[in-house]
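Visitor: can you look at this prediction? I've put the sequence above it.
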Amino acid sequence: MKFRLIADQRETFPIRIMCDVMGVSPAGYYAWRGRPESPRKAANRVLLTKIRRSTRTTIVLGVLGLLGLSSLCRGVEADVQPRPSLGAASRQIPLPVPRPDMKSPTPSDMSAVPKLVPSPSVLSEDDTSNHCLADLKIAGAQFSPTPSDRLDGRCPVISPIDIISLETPSGRITFPGKPTFNCVFALQLAKWLSNVAAPLVKILAGNDLVTLETGPGYVCRMRNGDTFQDAKLSEHATGNAVDITSLGLANKRQIGIAAVADESNPDRRLLTALRLTACGYFTTVLGPGANAAHATHYHLDLGVHGKSSNYRICE
Ligand SMILES: [Zn+2]
């Protein structure tokens, strides 16, 4: 079973590291692989490889390096495709697509609806929303339009949806809280979960990620609950943020995000890896240790900081 899992994930993670995590020897794995493969297994393996190649990301390697596992990544076996050094991999973390329309309105501009910049050569806002919703379906998300009574007119949201579940190469993840997001944010969250988070949970926790406990996503409020006059609108107010509180595994185990602050907790490595990889997909990542307001959850958003859409806050 462990060898099968390692074989399934070998396009994503170095074999030596997976063997180390699973407590088996690389020699044992290669001996197992040497056995003849049935035609059906061979066909499944080819299909899985195609799927994983389309979703694989170099972020995982960067994270392994940051976790101090870079020495384990050297001398990776020949059946893993050549990859750049960890230093180069770290620099290749993909940036999210800049969103010229998603700057948070100030309190004095609460009625301002963030709009996509129109251009004769660019799709209309409706077309763009339709494309996003179509992409979200293709990404494996099950979702429904947000009921109008859930939305506050002072905090408009572009293409609001309530996400119910997400089909990933590592299994289906459900969202018990059915959080509300704008479509672009939901799509980015789906990509991170499918490409990185779900495989990391499978490898480092040894079980599929089946539920993601979150806050409500959309909330019409100021940042950090501030109420003073110049307070900035929270990214939650445009459906552009998520608060993740815990992970539910297939074996019914729950991993609370707060555990990342406990150096002796065995889930700390997984939670740290999730936090670091999120920094490659989102422009703001806050969690335990950043400040008291984030002691028990990870806050991820796609807010634009300053004048650069590439500037990130990763704490
Ligand atoms: Zn938040």
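Guide: Now that the structure is in, tell me what you want to look at.
Visitor: okay, the residue in the stretch 51-200 of the chain positioned nearest to the ion: pLDDT?
Guide: Of all residues in the stretch 51-200 of the chain, the one sitting closest to the ion is Pro179 (10.8 Å; C-beta to the ion). C-beta here means a position set from N, CA and C on the backbone, and glycine is covered the same way. At Pro179, the pLDDT value in this model is 98.
Visitor: neighbours around Ser159, how many?
Guide: 23 (other C-beta atoms under 10 Å).
Visitor: residue contacts, the residue of the chain at minimum distance from the ion?
Guide: Distances between the chain and the ion by C-beta to the ion are smallest at His299, namely 3.5 Å. By C-beta atoms under 8 Å, 6 or more residues apart in numbering, the contact list for His299 reads 241-243, 284-287.
Visitor: could you redo the last one with a cut-off of 6 Å?
Guide: Taking C-beta atoms under 6 Å, 6 or more residues apart in numbering, we find His299 in contact with 243, 286.
Visitor: that one bridge partners, please.
Guide: With DSSP bridges as the criterion, His299 is bridged to Asp243, Leu286.
Visitor: assign the nearest residue in space to Ala261 that is not next to it in sequence to helix, strand or coil.
Guide: Distances taken as C-beta to C-beta, 6 or more residues apart in numbering place Pro288 nearest to Ala261, at 4.2 Å, with adjacent residues excluded. Using DSSP: H, G, I helix; E, B strand; the rest coil, the structure places Pro288 in coil.
Visitor: check the one 5 residues further on too.
Guide: Ala293 falls in the helix class when you classify it by three-state DSSP.
Visitor: and for Tyr311?
Guide: Applying three-state DSSP: Tyr311 is coil.
Visitor: now for the nearest residue to it once chain neighbours are set aside, how many residues are close by?
Guide: Nearest residue to Tyr311, sequence neighbours excluded (C-beta to C-beta, 6+ apart): His305, at 4.4 Å. The local packing count at His305 equals 13, with neighbours defined by other C-beta under 10 Å.
Visitor: equivalent analysis for the one 10 residues further on, please.
Guide: Glu315: 15 surrounding residues under other C-beta under 10 Å.
Visitor: okay, the closest residue to it other than its chain neighbours: pLDDT?
Guide: Spatial nearest neighbour of Glu315, excluding adjacent residues (C-beta to C-beta, 6+ apart): Ala290 at 4.0 Å. For Ala290, the model assigns a pLDDT of 91.
Visitor: again with Leu166
Guide: 98.
Visitor: just checking, next helix/strand downstream of the host helix or strand of it?
Guide: Here Leu166 sits within strand 160-168, counting by DSSP states H and E. Per DSSP H and E, the first helix or strand lying C-terminal to strand 160-168 is strand 171-174.
Visitor: can you name every helix or strand that the next helix or strand after that next one contacts?
Guide: Moving toward the C-terminus from strand 171-174, the next helix or strand (DSSP H and E) is strand 180-182. The contact analysis (3 or more C-beta pairs under 6 Å, 6 or more residues apart in numbering; DSSP states H and E) places strand 180-182 against no helix or strand.
Visitor: what's the spacing between the residue of the chain closest to the ion and Arg221?
Guide: 13 Å (C-beta to C-beta, to the nearest Å).
Visitor: next one: Ala295
Guide: For Ala295, the distance to Arg221 - C-beta to C-beta - is 19 Å.
Visitor: in terms of neighbours, single out the busier of these two.
Guide: Using other C-beta under 10 Å, the more surrounded residue of Ala295 and Arg221 is Arg221, with 16 against 13.
Visitor: excluding its backbone neighbours, what's nearest the more buried one?
Guide: Leaving out its chain neighbours, the residue that sits closest to Arg221 by C-beta to C-beta, 6+ apart is Ser234, at 5.3 Å.
Visitor: you'd agree Phe185 is up against Thr238?
Guide: No: at 8.5 Å, Phe185 does not count as touching Thr238 under the criterion of C-beta atoms under 6 Å.
Visitor: of the two, who's got more company?
Guide: Phe185 (32 against 28).
Visitor: so is the more buried one in a helix, a strand, or just coil?
Guide: Applying three-state DSSP: Phe185 is helix.
Visitor: next up, the contacts around it.
Guide: 240, 302.
Visitor: hmm, Val219 is touching Leu233, no?
Guide: No: Val219 lies out of contact with Leu233 (C-beta under 6 Å); the separation is 10.6 Å.
Visitor: tell me which of the two has more neighbours.
Guide: More crowded of Val219 and Leu233, by other C-beta under 10 Å: Leu233, with 23 against 17.
Visitor: please name the bridge partners of the more buried one.
Guide: Met222.
Visitor: number the residues from 671 up from this point.
Guide: All right, first residue 671 from here; so that's Leu903.
Visitor: quick one: it from Asp797, how far?
Guide: 27 Å.
Visitor: quick one, domains of the protein?
Guide: The chain breaks down into these domains under automatic domain parsing: 672-761, 777-984.
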